[in-house]
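**Student:** give me a model of this one.
(2 chains)
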Amino acid sequence: MVQSKLSDIELIEQTLTGNQSAYTDLVRRHQRFVFTLALRFAKRREDAEEIAQDCFIKAYRSLASFQGQSKFTTWLYSIVYTTAMTFLRKKRLDTDSIDDENTFIQIENQAGAYDVNNAENKSRSFYLNQAIGQLLPDDAAIITLFYKGEQSLEEIGRAMGLEANTVKVKLFRARQRLKEKLERNLKHEVKELI
Amino acid sequence: MTNVEEILWNYIDGNCDPEQQKAISSLIARDEVYRIKYQELLKLNGEFSAMELDEPPMAFTYNVMEAVRAEEAKKPLIATINKRIILGITAFFVVTILSLLVYIFANISWPAGEISTRMNTGLQMPDLKNLLNRPVIEGFLFFDLVLALFLFDNYLHKKTHPKHV
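**Tutor:** Numbering: from 1, shown residues only, chains lettered A, B, ... in the order given. Sure thing, here's the model as predicted:
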């Protein structure tokens, strides 16, 4: 798949003149990150796909209102964040609480069961992804935005509607939790092998 | 311990000012607790940076663009018609009405003398029957028909030949 060499802003300008193929390029360029970010919130691939698709449609609708004062990605991730939060709020009507860490213990256990059957596929990055999947959505999103979204603390704050200092504290806590989960999963694995 | 980690994460992220940076660097060099922790966090930082993004399904882009196209098709026709065409039609009618008014006023023979509030029955109106004869009406209708066909063709063309690849 050949990626367009044009910048995000150039692709936006072309899209606004009616060139839909420019928007296709924009979607192709950012879909992996948007999908991953949506997956941090939704946990299920089907739901993440729905959120990500919804985000790109919303972005297309309001592309003309994008002022270019921030990076396009920051603007796009703020759409992902609000869409994902709306999705989770809707889901909360069916479940107990999305902020309850116990909700994710189930996912954790499922992941553990998967481990035993796929021992040969395990690597450090596998455990890292597994540990991220066990984090609360906000923690997982902040870590993903910081490490893979090329976003500064200020930009993450803008996307999530938080102060940069709050993001800094949240990032620190999220990294600690991720480290703990990673260590716990690895210890569990060592025990399995023994 | 948390405090040490916090200091070191700030150092790794580059959120310290040059003075703090220098102080932490010498702390790492001197203090073994800091050095070990720093190595551990640096390794973690490398792993976090190297984490892989998930791949959306193959048809993801196609599905998004299909939804975008459906969105475009839902827009009212007035928004899809070129504004120049609308302006052209407006200009045509404005010019026609103005010409007609100018012609009418130019051909009115105003009676000389004092202005009366009573209706002057002697006002001579131009003979519009000569203007609205059969060929003029037919020509006008033909123009309307051509314009309607042109707009309809434009609409169908946009629908069947979208600009995307």
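**Student:** next SSE after the helix or strand bottoming out on mean pLDDT in chain A?
**Tutor:** Ranked by mean pLDDT, DSSP states H and E, the helix or strand of chain A with the weakest confidence is helix A:101-117, at a mean of 46. Counting by DSSP states H and E, the next helix or strand C-terminal to helix A:101-117 is helix A:124-133.
**Student:** buried residues, that following helix. List them.
**Tutor:** The neighbour-count check on helix A:124-133 (16 or more other CB atoms under 10 Å in any protein chain shown) flags A:126-133 as buried. Every C-beta, even on glycine, is put in place using the N, C-alpha and C of the backbone.
**Student:** domains in the chain, as residue ranges please.
**Tutor:** Defaulting to chain A. A:1-95, A:96-194 (automatic domain parsing).
**Student:** should've been chain B
**Tutor:** B:2-49, B:76-160.
**Student:** which of the ones you listed has the lowest average pLDDT?
**Tutor:** The stretch with the lowest mean pLDDT among the domains of chain B is domain B:76-160, at a mean of 78.
**Student:** all helices for chain B, in order.
**Tutor:** With DSSP state H as the criterion, chain B has helices at B:2-13, B:18-30, B:32-49, B:60-74, B:77-80, B:83-107, B:134-160.
**Student:** so A:L76 makes contact with A:A59?
**Tutor:** Yes - under the criterion of CB atoms under 8 Å, A:L76 makes contact with A:A59 at 5.8 Å.
**Student:** and the residue nearest the centre of chain A?
**Tutor:** A:L37 (1.4 Å; CA atoms, centre = their mean).
**Student:** returning to that earlier point: identify whichever of the domains of chain B lies nearest to chain A.
**Tutor:** domain B:2-49 (4.8 Å; CB to the nearest CB).
**Student:** ok, back up a step: export the domains of chain A as JSON lines, with columns for distance to chain B.
**Tutor:** Shown next, in JSON lines, are those (distance: least, CB to the nearest CB, whole Å):
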{"stretch": "domain A:1-95", "distance to chain B": "4"}
{"stretch": "domain A:96-194", "distance to chain B": "5"}
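**Student:** A:E49 - that's part of a strand, no?
**Tutor:** No - under DSSP: H, G, I helix; E, B strand; the rest coil, A:E49 sits outside any strand and is assigned helix.
**Student:** and it, how many neighbours?
**Tutor:** For A:E49, the neighbour count with other CB atoms under 10 Å in any protein chain shown is 20.
**Student:** pLDDT value on it, please?
**Tutor:** We have a pLDDT of 94 for A:E49.
**Student:** test my guess that it contacts A:V34.
**Tutor:** No - A:E49 lies out of contact with A:V34 (CB under 8 Å); the separation is 10.3 Å.
**Student:** of all the domains of chain A, which lies closest to B:R134?
**Tutor:** Distance to B:R134, taken as CB to CB, is lowest for domain A:1-95 among these, at 43.3 Å.
**Student:** quick one: buried residues of stretch B:135-154?
**Tutor:** Of all the residues in stretch B:135-154, those buried under the rule 16+ other CB under 10 Å are B:L151.
**Student:** residues in contact with the strand or helix carrying A:T86?
**Tutor:** Assessed by DSSP H and E, A:T86 sits inside helix A:72-92. Residues from elsewhere that reach helix A:72-92 (CB atoms under 8 Å, 6 or more residues apart in numbering or on different chains): A:8-9, A:12, A:30, A:33-34, A:37-38, A:41-42, A:47, A:50-52, A:54-55, A:58-59, A:66, A:98, A:137, A:141, A:145, A:149-151, A:155, A:158-161.
**Student:** switch to 6 Å and redo it
**Tutor:** Applying CB atoms under 6 Å, 6 or more residues apart in numbering or on different chains, the contact partners of helix A:72-92 are A:8, A:34, A:37-38, A:41, A:51, A:54-55, A:58-59, A:66, A:98, A:155, A:158-160.
**Student:** out of those residues, who's nearest B:M65?
**Tutor:** Nearest member of the contacts of helix A:72-92 to B:M65, counting by CB to CB, is A:A59, at 12.8 Å.
**Student:** what angle separates the one helix or strand that closest one maps to from helix B:60-74?
**Tutor:** Using DSSP H and E, A:A59 maps to helix A:45-61. Relative orientation of helix A:45-61 versus helix B:60-74 (axes from the mean of the first three to the mean of the last three CA atoms, to 10 degrees): 40 degrees.
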